[in-house]
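Undergrad: sequence plus predicted model, see below.
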Amino acid sequence: MENNSGEKKEKRGSKKIVSLVLFIIIFCAIVYIGWSSCSDWYKERQQWVKMGFAEDKFPYKMLGERELVEKGLWSGESPALNAVPTRTTPEETYAKFRQALIDGDIDKAVECFTKEKQDEYRDALTKAKDEGRFTGIIDKLKDITPEGKEITNKSTGSSSTSYEFFYKENQNDTYTTSHTIVFYKNWDGDWLMDNL
């Protein structure tokens with residue numbers, strides 16, 4: 001009877017050891033798979049963060065259409081932005097910009113550019129003013145008039161458009177020189193200049 005009882009205890013002990021070993025193996029496998037998956041997810045999200053398509057704080061949420069459009073990372077037309085009603089047309093923005101330059105108000109002129117370009121054009125216009133080239137820029141902008149029109153629409157999208165500006169190189173020339181200015185609509189419905 002004692003032998004039988006000892007064998008049962010031994011079998012139970014062996015079963016416990018086997019169960020414990022299996023539990024440890026399964027637990028380690030789950031931890032390894034979970035760690036590997038989390039590591040891959042983290043590396044992938046860091047790539048998206050680096051490219052600007054995801055937030056830079058945990059849980060590194062992918063950016064939506066609005067955020068991507070605001071950052072200039074949205075390619076093509078944005079249905080959400082297209083649905084925003086226009087508050088200020090490209091023509092009105094350009095007229096406001098030109099008047100701000102005539103008034104010598106660089107800050108007001110810079111407001112007519114997209115957010116990403118404002119610092120660049122503030123520096124450029126300030127430098128031009130300091131170097132005495134400001135008057136020449138204003139004079140050239142005042143002369144942008146093909147056949148009595150100030151600007152001619154070259155191409156139009158729902159949230160971006162470009163205009164061709166014509167100007168004289170000197171007083172005797174016809175309006176043969178031109179360049180294109182691109183406008184983008186923002187979420188407030190204002191069309192802003194992206195270049196000059």
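TA: Right, received. Where do you want to start? Numbering: from 1, shown residues only.
Undergrad: distance check, residue 109 against residue 194.
TA: Look at residue 109 and residue 194: by C-beta to C-beta, to the nearest Å, they are 14 Å apart. For every residue, glycine as well, the C-beta is placed using N, CA and C.
Undergrad: quick one, which of the two is more surrounded?
TA: A direct count of neighbours by other C-beta atoms under 10 Å for residue 109 and residue 194 places residue 109 higher, at 23 against 15.
Undergrad: got the contact list for the helix or strand where that one lies?
TA: Per DSSP states H and E, residue 109 falls inside helix 106-110. With C-beta atoms under 8 Å, 6 or more residues apart in numbering as the test, helix 106-110 has contacts from 96, 97, 100, 101, 118, 121, 122, 125, 126, 129.
Undergrad: tell me the helix or strand right after that helix.
TA: Moving toward the C-terminus from helix 106-110, the next element (DSSP H and E) is helix 118-130.
Undergrad: mind giving me the packing neighbours of the helix ranked longest in the chain?
TA: For the chain, the longest helix by residue count, based on DSSP state H, is helix 2-51. The contact analysis (3 or more C-beta pairs under 8 Å, 6 or more residues apart in numbering; DSSP states H and E) places helix 2-51 against no helix or strand.
Undergrad: and that helix, how far out from the chain middle?
TA: In terms of C-alpha atoms, centre = their mean, to the nearest Å, the centre of helix 2-51 is found 45 Å from the chain centre.
Undergrad: ok, then the element right after that helix?
TA: Following helix 2-51 toward the C-terminus (DSSP H and E): helix 65-70.
Undergrad: what is the burial count for residue 32?
TA: Neighbour number of residue 32 under other C-beta under 10 Å is 10.
Undergrad: center of this structure, which residue is that?
TA: The centroid of the chain falls nearest to residue 71 when counting by C-alpha atoms, centre = their mean (1.3 Å).
Undergrad: contacting residues for that residue?
TA: Contacts of residue 71 (C-beta under 8 Å, 6+ apart): 52, 63.
Undergrad: just for the chain, where's the confidence low?
TA: 1-9, 72-73, 75-76, 142-158, 166-178 (pLDDT under 70).
Undergrad: break this protein into its domains for me.
TA: 2-62, 79-193 (automatic domain parsing).
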